[in-house]
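Q: just to be clear, the model below is a prediction. Sequence and coordinates:
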Amino acid sequence: MAIEPIKAPAASEPLRPAQVYAMAAICLAAGLAIGYLLRRSETPLPPAPQSAGLAIASAPASATAAGQIPSMDQMRQMAGSQGPRAANAAPRSPHGSSMAGKRMPSMEELKQIADRQLAPLQEKLKTDPKNTAVLMQVGAIYYTTHQFKEAAVYYGKAVDADPKNVAFRTKLAIGLYSTGDVDGAIAQLNKALSYDPKDANALFDLGTIRLQGKQDGKGAVAAWQELLKTNPQLSPDRKAQVQKLMADVLTTLGDQKGRARSAAQ
């Protein structure tokens with residue numbers, strides 16, 4: 001089924017933070033639905049945070065329904081998920097066991113967990129420093145324990161060892177974004193797309209990070225339009241989700257333009 005392009009308004013104000021976060025919650029919920037279904041890396045990846053807008057986490061349904069805007073810290077805390085789950089599902093530890101009814105581990109405890117998991121992997125890297133599977137696994141452990149700078153370092157090493165691996169660059173982009181390096185994340189996604197212009201995860205992430213990190217609604221819509229155009233294999237419900245995201249962003253941009261016109265009269 002052909003997807004008719006949605007045109008963005010010619011000009012508008014920058015998105016307000018409240019609007020950005022509200023739309024981000026919707027974006028990331030849809031991103032989780034796309035996720036690994038579209039991974040095309042030839043190298044099997046160890047458990048790691050999902051791609052995308054895909055894994056930069058969505059706000060809990062209760063928070064968005066109440067009109068509350070999640071902080072970046074809250075969004076990052078929710079980004080440690082190993083996969084899609086309902087907003088009201090029990091949190092999970094880095095080991096994957098349910099934390100329902102138990103105290104959530106502190107950052108120091110998470111670091112201790114990571115150190116125990118990392119020790120044998122670091123030993124492997126001493127003899128095989130370019131082992132991309134191990135590098136990605138180390139990056140994933142750092143990421144899921146919220147040590148984002150360290151995660152980005154190891155994702156970066158994996159990219160250095162296999163520069164054309166689009167999945168690796170997409171993970172690196174997420175790591176960089178989580179440290180606050182929005183421009184670096186976008187650069188990595190653009191580089192990934194230079195190797196595979198049709199990569200659905202990279203295109204979705206690019207749109208989501210442009211929306212969240214740059215408040216660039218038009219740029220987000222452009223990336224998602226390209227996603228739909230170049231990925232006809234998407235199921236109808238996936239297409240509908242992305243189209244809904246674009247429509248929501250364009251509605252916000254149109255409302256802003258209308259307010260600006262009224263204010264100028």
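A: Nice, thanks for sending it over. Numbers count the residues shown, from 1 in each chain.

Q: so where is the protein shaky, pLDDT-wise?
A: The chain contains residues with pLDDT under 70 at 1-102, 265.

Q: tell me where the longest helix sits in it.
A: helix 236-264 (DSSP state H).

Q: tell me the buried residues in that one?
A: Applying a neighbour-count criterion of 16 or more other C-beta atoms under 10 Å, one finds 238-239, 241-243, 245-246, 248-250, 252-253, 256 buried in helix 236-264. Heads up, the C-betas are built off the backbone N, CA and C, glycines and all.

Q: and if you look at stretch 173-189?
A: For stretch 173-189, by 16+ other C-beta under 10 Å, it's 173-178, 181-182, 184-186, 188-189.

Q: follow-up on the earlier one: CSV for the buried residues of helix 236-264, including distance to Asp205?
A: What follows is those, written out as CSV (distance: C-beta to C-beta, whole Å):
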residue, distance to Asp205
Arg238, 15
Lys239, 18
Gln241, 15
Val242, 13
Gln243, 18
Leu245, 13
Met246, 15
Asp248, 18
Val249, 15
Leu250, 20
Thr252, 20
Leu253, 21
Gln256, 24
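
Q: farthest-apart pair in those residues, please.
A: The most widely separated members of these, counting by C-beta to C-beta, are Arg238 and Gln256 (28.0 Å).

Q: out of the buried residues of stretch 173-189, flag the one nearest to Ala140.
A: For these, the nearest to Ala140 is Gly175 (9.8 Å; C-beta to C-beta).

Q: that's a helix at the closest one, yeah?
A: Yes: per DSSP: H, G, I helix; E, B strand; the rest coil, Gly175 lies within a helix segment.

Q: what's around the closest residue in space to it that isn't next to it in sequence, how many residues?
A: Spatially, and ignoring its direct neighbours in sequence, Gly175 is nearest to Ala152 (3.6 Å; C-beta to C-beta, 6 or more residues apart in numbering). The local packing of Ala152 (other C-beta atoms under 10 Å) involves 26 other residues.

Q: residues making contact with the helix or strand where Ala152 lies?
A: Taking DSSP states H and E as the definition, one finds Ala152 inside helix 148-161. Outside helix 148-161, the residues that touch it by C-beta atoms under 8 Å, 6 or more residues apart in numbering are 76, 129-130, 132, 135-136, 138-140, 142-143, 165, 168-169, 171-172, 175-176, 178-179, 181, 188.

Q: and the longest helix of the chain, what other elements does it pack with?
A: Applying 3 or more C-beta pairs under 8 Å, 6 or more residues apart in numbering; DSSP states H and E, we find helix 236-264 packed against helix 17-34, helix 200-214, helix 217-230.

Q: how about a cut-off of 7 Å?
A: Counting contacts by 3 or more C-beta pairs under 7 Å, 6 or more residues apart in numbering; DSSP states H and E, helix 236-264 packs against helix 17-34, helix 217-230.

Q: please save the CA atoms from stretch 146-153 in CSV.
A: Output of stretch 146-153 as CSV, limited to C-alpha atoms (Å, rounded to 0.1, in the frame of the first residue of the first chain):
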residue,chain,number,x,y,z
HIS,A,146,23.2,3.7,33.5
GLN,A,147,26.9,4.2,32.9
PHE,A,148,26.2,5.9,29.6
LYS,A,149,29.7,7.4,28.9
GLU,A,150,31.3,4.1,29.4
ALA,A,151,28.7,2.4,27.2
ALA,A,152,29.4,4.9,24.4
VAL,A,153,33.2,4.2,24.7
